[in-house]
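Participant: Just to be clear, the model below is a prediction. Sequence and coordinates:
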Amino acid sequence: MITPGKCKVFALALIFPALIGFLSAKFMNKIEEKSISCTSDYISHLGKEVLRLSINYNMNAGHGFVTMNGGLYENDIKKNDVNLVQSFTYTYENENFIFKHNKNDVFELNDSDVDFLRPHLFDFFIKKDSGPHRETISKLMPGVWIFTISPTPYLICTSI
Amino acid sequence: MAIMKAIFENAVIYEPATHSFYKIENEEDRTTIAIPASLCLLSLLEHRDKIVSHDMLLEYVWESRGMRVSPNTVYQNISLLRKFLADQGLSTEFIKTAPKRGFFISKNININLFYDETSSNDKSKNLSQELNKPIYSKNKSSHKNIIYYIIISCISIIVFCFSYMKTFTVSSSSIPKYTIPKYQELERLDNCRIFRNASLRDDSFFYRIIKNYKLECKNEKWWYFNNAPPDHEVSLFRCSDKFDINAKAGSLSCVSDFYIDGDK
């Protein structure tokens, strides 16, 4: 026989797990979906200069780092080696990722070391006192992200 | 001779042997009463025209079975008995109190007693085992409670899983999906298919880039040019396969070229 007490228990058995499930999923989404781990072959062309880089992004739960390895070429002759590691914190606002430098990180590059990179890379990755960097990252397909600096997408990064 | 049956007010039947009550017209629907209260009532019936003292009840119900209880236990059982009888539709004055002397059944109650001539005047068996039963025992099975809790648990788990999966799936697009722009195909270069995003930019713009930078068709057969006039910056994605949002993970590899000066 269904009593008022049993009705209350059934109602709680429906409402409470639904609420917990909803909140848990939202929490997991917050953690998981902002996570990116990918690699990209990137080539920047400026006149006769060609910057060839292998770029790796690792971003998870608000903390990330990017590595860039490769070299600068002119007329197919290597002029400079590039080995950058940049850690950052990030937030997600209005469909944009906002990268900020970690205050406590030691930035090992001097300005003179990276002058040649300025035409090719954003200041955020080569200057320690640069402000926040805004990046639009979209998902092309599972495991493939496209980075855009409006209005042109410039980097395809695929999961490692 | 033992009382086999008692009929109260020609409406309710009491069976001392089973400690149960039922309406005269519905023998199937029985309610049992706890043994102590039942024996209290039996004692009062056996001494119908007399006052039964507290000590008599203590001795009759408990001490004869080797149990020592406080005098308050008698009052508690009489109180519960009165409530039970009232719930059966009988008068609240069924059992009366003789102050400092004991209890008796009101003479205003119509009672018919039936005796069992063959049985000994023995109380119910296994009294001590049943003294802890609640007054209103309706033979609830503990199995039913277990099944009830299992059902509730299963419902909770199913609801949680459904809610979690639904929310996770719906809101899994927190990194927005890339809106693939409309691409127009250019002339093929060897085996490479070349596309440019639809814009006011003339096709010759992209052909100049191919020419100026001496682009060649190699491993990546699907090329996608992106430019937003009036900017001259151009990106070129050279990919192993065409853009397909429904493709499996890991099926696409690309090289990203960025021409800072565009076609210059």
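Facilitator: Structure's in. What do you need?
Participant: so where's chain A uncertain?
Facilitator: The model of chain A has pLDDT under 70 over residues A:1-3, A:28-34, A:103-113.
Participant: quick one, strands of chain A?
Facilitator: A:36-46, A:49-60, A:63-74, A:77-93, A:96-101, A:133-141, A:144-149, A:152-159 (DSSP state E).
Participant: want to throw those strands into TSV with mean neighbour count?
Facilitator: C-beta here means a position set from N, CA and C on the backbone, and glycine is covered the same way. Formatted as TSV, the entries for the strands of chain A read as follows, by neighbours: other C-beta atoms under 10 Å in any protein chain shown:
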stretch	mean neighbour count
strand A:36-46	19
strand A:49-60	18
strand A:63-74	16
strand A:77-93	15
strand A:96-101	18
strand A:133-141	19
strand A:144-149	21
strand A:152-159	20
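Participant: Take those strands and lay them out in a markdown table including distance to chain B.
Facilitator: Conversion of the strands of chain A to a markdown table gives the following (distance: least, C-beta to the nearest C-beta, whole Å):
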| stretch | distance to chain B |
| --- | --- |
| strand A:36-46 | 5 |
| strand A:49-60 | 9 |
| strand A:63-74 | 12 |
| strand A:77-93 | 8 |
| strand A:96-101 | 9 |
| strand A:133-141 | 4 |
| strand A:144-149 | 5 |
| strand A:152-159 | 4 |
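Participant: Looking at those, spot the one closest to residue B:37.
Facilitator: strand A:49-60 (68.5 Å; C-beta to C-beta).
Participant: Not counting its neighbours along the chain, what's nearest the residue in chain B that chain A sits nearest to?
Facilitator: Among residues of chain B, the one nearest chain A by C-beta to the nearest C-beta turns out to be residue B:163. It sits 3.0 Å away. Of all residues not flanking residue B:163 in the chain, residue A:21 sits nearest, at 3.0 Å (C-beta to C-beta, 6 or more residues apart in numbering or on different chains).
Participant: What is the neighbour count of the one you found?
Facilitator: 22 (other C-beta atoms under 10 Å in any protein chain shown).
Participant: what does residue B:89 give?
Facilitator: The criterion is other C-beta under 10 Å. On that basis, residue B:89 has 11 neighbouring residues.
Participant: Now do the same contact list for the residue nearest to residue B:163.
Facilitator: Under the criterion of C-beta atoms under 8 Å, 6 or more residues apart in numbering or on different chains, the contact list for residue A:21 reads B:159, B:160, B:161, B:162, B:163, B:164, B:167.
Participant: what's around residue 16, how many residues?
Facilitator: Here I'm looking at chain A. A count of nearby residues for residue A:16, using other C-beta under 10 Å, gives 13.
Participant: actually chain B
Facilitator: Residues contacting residue B:16 under the criterion other C-beta under 10 Å number 20.
Participant: For the closest residue to it other than its chain neighbours, which three-state class applies?
Facilitator: If you skip the residues right next to it in sequence, residue B:16 has residue B:42 as its closest partner in space, 4.8 Å away by C-beta to C-beta, 6+ apart. Assigned by DSSP: H, G, I helix; E, B strand; the rest coil, the conformation of residue B:42 is helix.
Participant: Do you know the pLDDT at residue B:42?
Facilitator: Note on residue B:42: pLDDT of 93.
Participant: need the helices for chain B, in chain order.
Facilitator: Ranges of helices within chain B are B:35-46, B:54-57, B:71-87, B:127-130, B:142-170, B:203-212, based on DSSP state H.
Participant: same for the first one, what does it pack against?
Facilitator: The one in question is helix B:35-46. The contact analysis (3 or more C-beta pairs under 8 Å, 6 or more residues apart in numbering or on different chains; DSSP states H and E) places helix B:35-46 against strand B:2-8, helix B:54-57, helix B:71-87, strand B:102-105, helix B:127-130.
Participant: Could you dump those into JSON lines with mean pLDDT added?
Facilitator: Rendered in JSON lines, the data for the helices and strands packed on helix B:35-46 read as follows (pLDDT from 0 to 100):
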{"stretch": "strand B:2-8", "mean pLDDT": "91"}
{"stretch": "helix B:54-57", "mean pLDDT": "90"}
{"stretch": "helix B:71-87", "mean pLDDT": "90"}
{"stretch": "strand B:102-105", "mean pLDDT": "93"}
{"stretch": "helix B:127-130", "mean pLDDT": "44"}
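Participant: Would you mind finding the most buried of those?
Facilitator: Comparing the helices and strands packed on helix B:35-46 by mean neighbour count (mean count of other C-beta atoms under 10 Å in any protein chain shown), strand B:102-105 ranks first with a mean of 20.
Participant: elements contacting it?
Facilitator: Packed against strand B:102-105 by the contact rule (3+ C-beta pairs under 8 Å, 6+ apart) you find helix B:35-46, helix B:54-57, strand B:95-98.
Participant: Just want the angle from the first one to helix B:71-87.
Facilitator: Between the axis of helix B:35-46 and that of helix B:71-87 there is an angle of 80 degrees, by axes from the mean of the first three to the mean of the last three C-alpha atoms, to 10 degrees.
Participant: Show me what from the stretch 1-150 of chain B comes close to chain A.
Facilitator: Counting by C-beta under 8 Å from any C-beta of the partner chain, the residues of the stretch 1-150 of chain B lying close to chain A are residue B:148.
Participant: low-scoring stretches of the stretch 1-150 of chain B, by residue?
Facilitator: Counting by pLDDT under 70, the stretch 1-150 of chain B shows low-confidence ranges at B:117-142.
Participant: So which of the helices and strands packed on strand B:102-105 is nearest residue A:35?
Facilitator: With distances scored as C-beta to C-beta, the stretch of those nearest to residue A:35 is helix B:35-46 (67.5 Å).
Participant: Quick one: work out the angle between that closest one and strand B:2-8.
Facilitator: Relative orientation of helix B:35-46 with respect to strand B:2-8: 90 degrees, computed using the same axes, to 10 degrees.
Participant: C-alpha coordinates for helix B:35-46, PDB please?
Facilitator: Taking Å, rounded to 0.1, in the frame of the first residue of the first chain, the C-alpha atoms of helix B:35-46 are listed here in PDB:
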ATOM      1  CA  ILE B  35       0.800 -11.100  24.700                       C
ATOM      2  CA  PRO B  36       1.100  -9.000  27.900                       C
ATOM      3  CA  ALA B  37      -1.900  -6.800  26.900                       C
ATOM      4  CA  SER B  38      -3.800  -9.800  25.700                       C
ATOM      5  CA  LEU B  39      -3.300 -11.700  29.000                       C
ATOM      6  CA  CYS B  40      -4.300  -8.600  31.000                       C
ATOM      7  CA  LEU B  41      -7.600  -8.600  29.100                       C
ATOM      8  CA  LEU B  42      -7.900 -12.300  29.600                       C
ATOM      9  CA  SER B  43      -7.400 -11.900  33.300                       C
ATOM     10  CA  LEU B  44     -10.000  -9.200  33.500                       C
ATOM     11  CA  LEU B  45     -12.500 -11.400  31.500                       C
ATOM     12  CA  GLU B  46     -11.900 -14.400  33.800                       C
END
